[in-house]
Structure formats: structure tokens, C-alpha cells
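**Q** Attaching a predicted model along with its sequence, questions to come.
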Amino acid sequence: MFDIGFWELALVGLVALLVLGPERLPAFARTVGRWVGKAQRLTREFKRDLEREIDLSELRQLKQDLQAPELDALAQDLQKGADEFNRELNQPLVFGPTAPTATSAPAVADTTAAAAPPPTKTPATTAVSDGA
């Protein structure tokens, strides 16, 4: 921030030593150190507050952008699509053509089972050889 080099600091220290003397110079250095520390803390807090305000203003701008009319129209379109989807889900499912009911078709007796008797199963016999 300040363009102060080593020689400038050495010159300020030498002048302070000559003006204040060796007895009062350490107390003066402590006081200056405290003031510099307070100034640094103050600038750090100011910088943090400024960044916080910038972030808040960006969030406010983003909120205004999100409340744009285009987004309202998009929300309405999405709601319409969701309503149509729910209507489709609530309708019964129909697969292929409808089958005739029992009252509309005459009953037909199954005569094929009575005409031919079922085949009988006989146990199979096998010869066992003793391997000789």
C-alpha cells in the first residue's frame, strides 16, 4: 500500500531515537504498534463488512432476477404439465380391446374331456443285470 523501503524506515527510526531519546523510544514503539494493530483490525472489519454488503446486493439482484415474469410463465407451464400428468395417472389402464362378458356370450360345455378317457400311466419295468 505504502511504498516505504528499508532505508526510509531506518531514517524514521534514527530521527525518532534522536528526538525521543533511548528512554522513551520503547514506550513510543509499543504505542505506535497498538495503534497500527487497531488500524489493521479496523480496515479488516471494514473490508469484511463491505464484502458482506456486496454479497447481499448480489443476492438481492439474484432474487429480483428469479422473480421475473418469464419465470412466472414457466412455473404456470410446469403446473399445467403436472396437472395433466396427475389426470393421466388417475385414469384406469386399458390394455387392448375389451373382452366379452359372461352374460353376453352363450355358455358352451366342454365335451372334449368326456369324449376321450385320459391316458393311463403304467410303471416302467427295467431289468437289472448283475454285471456278469
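**A** Yep, that arrived.

**Q** for this structure, what are the low-confidence residue spans?
**A** For the chain, residues meeting the criterion pLDDT under 70 lie at 1-2, 96-132.

**Q** the longest helix in it is where?
**A** Longest among the helix segments of the chain by residue count, using DSSP state H, is helix 6-66.

**Q** Tell me which other helices or strands it touches.
**A** Helices and strands touching helix 6-66, by 3 or more CB pairs under 8 Å, 6 or more residues apart in numbering; DSSP states H and E: there are none. Quick note: C-beta positions are derived from backbone N, CA and C, even for glycine.

**Q** Show me what counts as buried in the next helix-or-strand element following that helix.
**A** Downstream of helix 6-66, the first helix or strand assigned by DSSP states H and E is helix 69-90. Judged by neighbour count (16 or more other CB atoms under 10 Å), helix 69-90 contains no buried residues.

**Q** All further residue positions should be reported with the first residue as 619.
**A** All right, first residue 619 from here; so that's helix 687-708.

**Q** just checking, what packs against helix 687-708?
**A** Using 3+ CB pairs under 8 Å, 6+ apart, no helix or strand is in contact with helix 687-708.

**Q** Any idea how far it is from the middle of the chain?
**A** 23 Å (CA atoms, centre = their mean, to the nearest Å).

**Q** angle of that helix against helix 624-684?
**A** Calculated by axes from the mean of the first three to the mean of the last three CA atoms, to 10 degrees, helix 687-708 forms an angle of 50 degrees with helix 624-684.

**Q** Look at D621 and give its secondary structure.
**A** Taken by DSSP: H, G, I helix; E, B strand; the rest coil, the conformation at D621 corresponds to coil.

**Q** burial count for it?
**A** 5 (other CB atoms under 10 Å).
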